[in-house]
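> just to be clear, the model below is a prediction. Sequence and coordinates:
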Amino acid sequence: MFDGPRLNEGYALLARLSSPMKPPEREIVGREYEMTQLLAAMRRAELCNALLLAPAGSGKTVLVQGISQIDTQRLYLEVDPARMISEAGDSDRMASTLKGFFDEAERFACDENRELVLFIDEFHQIMQLSDAAVEAIKPVLAASGARGIRVIAATTYEEFHRHIAPNQPLVERLQRINLAPPDEATTVRILEGMAERYEVADQFHGDHLFRLIYEYTQRYMPASSQPRKSILVLDSMVGWHRHTNRAIDKRLLSDVLMESLNVNVAFRVDGTMIKQQLDEKVYSQDLATSVVARRLQLCVADLNDPSRPMASMLFAGSTGVGKTELTKQLARLLFGDDQRHLIRFDMTEFASDDSFGLFRSELTKRVWDLSHSVLLFDEIEKASPMVTRVLLQVLDDDRLSDDNNREVSFLNTYIVLTTNVGNEIFSTIAQYEPDDTGSGKKLSEYDKLIRRSISTTAGAGRLPPELLGRIDAIVPFQPLSLETQRKIVKNKLWSLVEEVRVKHNAQVVMSERVLQYLVDDKGDSDSDAGGARTAVAKLTDEVSTEVARFVNEHPTERRLRVDVKGELASDHKTMLISDGHVVVSAMR
């Protein structure tokens, strides 16, 4: 036995830094060609070394474990790079540690008359320590056949290019073997074998659930590799099954993905409920919420294009009509919150060509950190053409490379672009075709004009046709009638009343004139083609601030009244400008 007393005494360094290769814990499926390559490399006459290249989790170690069971004439040992680095103490001593280790390995092979195969996973860890360490291992690789030692190194493509590829003499001493992650059929066979081993095969009826595991892990865990990520999900499902006796089914799979990734793959929604939930926060935009709900139906049914982001939509309309609010509600519906899972970019900040690098860096960083999210690109028409080309790549290829040359996937994102382009058309609709429901009856008559305006606007505000051609849906927003603006502002006023009650234990009574002042006098005169943003902004500037000032100055008052003093232009057709102002007083 390798770890016997005599061996420990005679080959102390070899015993401390390596251990016998364990047998594989699962059946090796779909690696017949790679195993043949590796076995042939072990039988070469001179350079008997191999370098396994694959993403982490693709099965490099399992492959070596598998051939160790076939190639029984040789002793397979797994070297521990971390322990070797610790043994050396510092980079200066690494070369001497490596030389001593391989000298012992050669002596053992000679004494036992049995060739050694040394498997070194994370090979780059040794190589990156010092040039002396690299030089110490070259002679071993060059004379491996004569010394009775074979080396199988393993690393990822990224680490290979960073630490190994620049040293061509080192590369030439290693036969490169690429391990592609297994395809769906192979992964399913692996999972079926794991289910047998875990004694849960009776929970599965056909391969449907195994295929779902593969599909969901491909989509929602893009940074991990097969088969590891599928095995981990199956393992988690088995744990839940054993602890709770729950059936291993699609519902459990969904719960496991929610638990581990906070991504909801099985939210049960029918068209009516999606629409209802979207309408809860967005008033009088029946057409817009209907279009968004239809796109979500495709996503829920897994019938959207699997090679592109989950959905991409252009929200077109005037300022303050609910484009951002609908995006927030979309994030709440999909992910339960509109803070963490809503990633917003103000495209006015990326108007110059030299902001291209910053935009790409920020976008990839934030999506890498949170791959399942709603991406909001506000006022897309303000973006530089170079920045827009980044979005074209996202919509075309669903991925970008980040600052660390990692591929960032956008498959799990919902992309929303907003634009004010075509504002002259929305102004016309607001003036002549107001609609309290946003049913789209009038909007549909202007649909071609809206699309033409968006695509033909000249100058910096023009949206390129190639971008529009990659968008799943253009969603027009109806300009808001005065009645709808009143509804929105009234809701905001009631929110202010409730906030004061909770935070200051004070009752606030709002005069009807406050609503009239904000919407009819302030909102209408400055509103942008039927939006409520100006009225809401005035609410903050004049009402909220006055209430805050009063509460700060009179902390013991428990009943407040908010009113408007002065003449309102909406009461007098001859008045051009209102001379009213908001006042807050104590109620006696």
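On my side now, so go ahead. Computed from a predicted structure; not experimentally measured.
> so for V321, what's the nearest residue that isn't a sequence neighbour?
Excluding the flanking residues, the one nearest V321 by Cβ to Cβ, 6 or more residues apart in numbering is F477, at 4.5 Å. No exception for glycine: its C-beta is placed from N, CA and C like everyone else's.
> now for that neighbour: which residues touch it?
285, 288, 315-318, 321-323, 426, 438 (Cβ atoms under 8 Å, 6 or more residues apart in numbering).
> just among these, which is most surrounded?
Counting neighbours by other Cβ atoms under 10 Å, V321 leads the contacts of F477 with 35 neighbours.
> how near is that one to T348?
Noted for V321: a distance of 19 Å to T348, by Cβ to Cβ, to the nearest Å.
> what's the answer for I213, then?
From I213 to T348 the distance is 43 Å (Cβ to Cβ).
> pick out whichever of the two has more residues nearby.
Between I213 and T348, counting by other Cβ under 10 Å, I213 is the more crowded of the two (24 against 11).
> where does the more buried one land on pLDDT?
On the pLDDT scale, I213 is placed at 94.
> cool, and A133?
As predicted, A133 sits at a pLDDT of 79.
> settle this for me: it is touching S96, isn't it.
No: A133 is beyond contact range of S96, at 9.5 Å (criterion: Cβ atoms under 8 Å).
> among those two, which residue is more densely surrounded?
Using other Cβ under 10 Å as the criterion, A133 and S96 rank with A133 on top: 23 against 13.
> quick revisit: now the residue nearest to V321: phi and psi?
When read as degrees, to the nearest 10, the backbone of F477 gives phi -110, psi 130.
> ok, what's across the strand from N178?
N178 has these beta-bridge partners by DSSP bridges: L53.
> run the chain-centre distance for the helix or strand containing R242.
Taking DSSP states H and E as the criterion, R242 maps to helix 228-244. On the basis of Cα atoms, centre = their mean, to the nearest Å, helix 228-244 sits 23 Å off its chain's mean C-alpha point.
> may I see the buried residues of stretch 501-513?
Residues 504, 506, 508, 510, 513 are the ones in stretch 501-513 that count as buried (16 or more other Cβ atoms under 10 Å).
> convert stretch 535-543 to PDB, retaining C-alpha atoms only.
What follows is stretch 535-543, C-alpha atoms only, in PDB (Å, rounded to 0.1, in the frame of the first residue of the first chain):
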ATOM      1  CA  ALA A 535     -47.600  67.200 -10.800                       C
ATOM      2  CA  VAL A 536     -45.900  64.500  -8.700                       C
ATOM      3  CA  ALA A 537     -42.700  66.600  -8.600                       C
ATOM      4  CA  LYS A 538     -44.700  69.600  -7.400                       C
ATOM      5  CA  LEU A 539     -46.200  67.400  -4.700                       C
ATOM      6  CA  THR A 540     -42.800  66.600  -3.400                       C
ATOM      7  CA  ASP A 541     -41.500  70.200  -3.800                       C
ATOM      8  CA  GLU A 542     -44.400  72.000  -2.300                       C
ATOM      9  CA  VAL A 543     -46.600  69.600  -0.300                       C
END
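> would you mind pulling the contact partners of that stretch?
Residues outside stretch 535-543 that contact it (Cβ under 8 Å, 6+ apart): 320, 485, 488-489, 492-493, 496, 514, 518-519, 522-523, 527, 562, 581-582.
> any idea how far R211 is from L463?
39 Å.
> those two - which one has more neighbours?
Applying other Cβ under 10 Å to R211 and L463 shows that L463 carries more neighbours, namely 23 against 15.
> that one belongs to a strand?
No: counting by DSSP: H, G, I helix; E, B strand; the rest coil, L463 is located in no strand; its state is coil.
> so it makes contact with T419?
Yes: using Cβ under 8 Å, L463 is in contact with T419, at 6.6 Å.
> hey, what's in contact with both of the two?
Residues touching both L463 and T419 (Cβ under 8 Å, 6+ apart) are 314, 380-381, 454.
> about what we covered before: which of the buried residues of stretch 501-513 sits closest to P309?
Minimum distance to P309 across those is 43.4 Å, recorded for M510 (Cβ to Cβ).
> contacting residues around that closest one?
M510 sits next to 493, 497, 562 when contact means Cβ under 8 Å, 6+ apart.
> check which element follows whichever strand or helix holds K538 along the chain.
Applying DSSP H and E as the criterion places K538 in helix 533-538. Sequence order places helix 545-553 as the next helix or strand after helix 533-538, per DSSP H and E.
> and the stretch of helix or strand G193 belongs to, what does it pack against?
Here G193 sits within helix 184-197, counting by DSSP H and E. Other elements packing on helix 184-197 under the criterion 3 or more Cβ pairs under 8 Å, 6 or more residues apart in numbering; DSSP states H and E are helix 208-220, helix 228-244.
> what residues of that helix count as buried?
186-192, 194-195.
> same thing with stretch 295-304?
Buried-residue list, stretch 295-304, by 16+ other Cβ under 10 Å: 295-296, 299-300, 304.
> between these, which is closest to L468?
Using Cβ to Cβ, R295 comes nearest to L468 of the buried residues of stretch 295-304, at 16.0 Å.
> so how far is stretch 538-549 off the chain centroid?
Averaging C-alpha positions (Cα atoms, centre = their mean) puts stretch 538-549 39 Å from its chain's average.
> nope, stretch 18-38 is what I meant
The answer for stretch 18-38 is 33 Å, by Cα atoms, centre = their mean.
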